[in-house]
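K.L.:
Predicted structure and sequence below. I'll ask about it afterward.
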Amino acid sequence: MAMYEKILVPLDGSEPSNHALEHALSIAEKYKSKVTLLAVVPRVVLPVFPDEGFGTAPVTAAKDMARYQDKMKEIYENVLKDAREEVSKEHPGIELETVLKEGRPSATIVETAEEGEIDLIVMGSRGVGGITGWILGSTSRRVVDSCTKPILIVK
């Protein structure tokens, strides 16, 4: 029995997540592991200010948020598609699965690892940059704090 039969790699398109994928693939080759690439689309939350009297603005904002959510989903689908193509080309012997989910990234990563009987999570130390960088940067910390699976954090 291999030490790491199933490896989970959360991806967001950032450089650290790409480095994590490289590390996961080298481990997968050594142990003949199955690799699951996971992209988690964070849910967009629309703030509601009932005392402000926005009228129709919240309906318009909700439509904009839905379009934004759809666009984010498309971006994450492309991250998975590109990673799958690259892995299939560079490492054709590795069994690969891609999974796209929506939710809070840290909780979704932990749930996916538990449900999929994952033996190792390999993830980047920080997520995408910009304003979300500090939010997603804490994802790895939250996963470490709440998950019982072995985790390799890659810079």
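P.N.:
Okay, I see it.

K.L.:
Please enumerate the strands of this structure.
P.N.:
6-10, 34-41, 96-102, 120-124, 151-154 (DSSP state E).

K.L.:
With Asp70 as the reference, name the closest of these.
P.N.:
Checking the strands of the chain against Asp70 by CB to CB gives strand 34-41 as the closest, at 9.7 Å. C-betas here are computed from N, CA, C, even on glycine.

K.L.:
Now do that closest one and strand 96-102, the angle between them.
P.N.:
20 degrees (axes from the mean of the first three to the mean of the last three CA atoms, to 10 degrees).

K.L.:
could you say what helices and strands strand 34-41 packs with?
P.N.:
strand 6-10, helix 15-31, helix 57-90, strand 96-102, helix 105-115 (3 or more CB pairs under 8 Å, 6 or more residues apart in numbering; DSSP states H and E).

K.L.:
May I ask which helix or strand of this protein has the lowest mean pLDDT?
P.N.:
helix 133-137 (a mean of 47; mean pLDDT, DSSP states H and E).

K.L.:
ok, back up a step: just name the most buried of the helices and strands packed on strand 34-41.
P.N.:
strand 6-10 (a mean of 25; mean count of other CB atoms under 10 Å).

K.L.:
Run the chain-centre distance for it.
P.N.:
Relative to its chain's centre, strand 6-10 lies at 10 Å (CA atoms, centre = their mean, to the nearest Å).

K.L.:
Okay, now the sheet partners of it, with direction.
P.N.:
strand 34-41 (parallel), strand 120-124 (parallel) (DSSP bridges).

K.L.:
Out of those strands, flag the one nearest Leu100.
P.N.:
Closest among the strands paired with strand 6-10, using CB to CB: strand 34-41, at 5.2 Å.
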